[in-house]
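# fold the following.
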Amino acid sequence: MAADAPTRPSLRERKKAKTRAAIRKAAYRLAAEHGWEAATTDRIAAAAEVSPSTVARYFPVREDILLTDEDDALLEARLRARPAGEDPLESLRAVLLEAVRTAFAEQPEETRLRARLTETTTETGRRLTRVLAARTGRAPDALEVRVFTAAVLGALRETTAYWAEHDRTTDLLPLLDRTLDTLKGGPALP
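Residues are numbered from 1 along each chain as shown. This next block holds a predicted model:
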């Protein structure tokens, strides 16, 4: 077998992938039928025929079922395959647009549901968007203002995760300031 030939996942890895998929499918079905709030961990576990502790082991926070993606490794590989000197935003644009096209082609209902369910977590962004839209003379739901606000809030969430992963030993405020500087200029290429 060639050194760079793909290896088949082990039986254990395949079972874990099946369990994750069953949990995710049960959550989507429950949310579609009864709403996200009714899709409790216990109900998801029962529908997936696993224990609540198994759901928690695979998805420590219930919302992770919606916010994580089984194709993360594929996205990473596709991003690595992009030209090294390409602008980071253009690389991400190419990879993410292809991922969305594929998701709508292969799982249109799940993709729509994920989009709908994530709307419930955006109230802060909507409030800030309305203020920024008014300041810039745009409509209260202008796409560009929504995207900008969501990007800032997403970057701040990622910075908080980074801070937590590094034992919370540094002051968070300078990290948040550094994050906003990164958004202003983008990551520099070497």
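# the bottom helix or strand of the chain by mean pLDDT?
One helix or strand of the chain scores below all others by mean pLDDT, DSSP states H and E: helix 108-119, with a mean of 71.
# buried stuff in stretch 152-166?
Neighbour-count burial for stretch 152-166, counted by 16 or more other C-beta atoms under 10 Å, picks out Val152, Leu156, Thr159, Trp163. Using the backbone N, CA and C atoms, a C-beta is placed for each residue, glycine as well.
# quickly find the element holding Lys25.
Element membership for Lys25 (DSSP states H and E) is helix 11-34.
# cool, Arg135 as well?
Using DSSP H and E, Arg135 sits in helix 123-136.
# quick one: contacts of that helix?
Outside helix 123-136, the residues within contact range by C-beta atoms under 8 Å, 6 or more residues apart in numbering are Ala139, Pro140, Asp141, Ala142, Val145, Arg146, Phe148, Thr149, Ala150, Leu153.
# and the last one, helix, strand or coil?
Three-state assignment for Leu153 (DSSP: H, G, I helix; E, B strand; the rest coil): helix.
# for Asp181, see how far away Ala115 is.
30 Å (C-beta to C-beta, to the nearest Å).
# ignore the last one, Arg29
Taking C-beta to C-beta as the measure, Arg29 falls 43 Å from Asp181.
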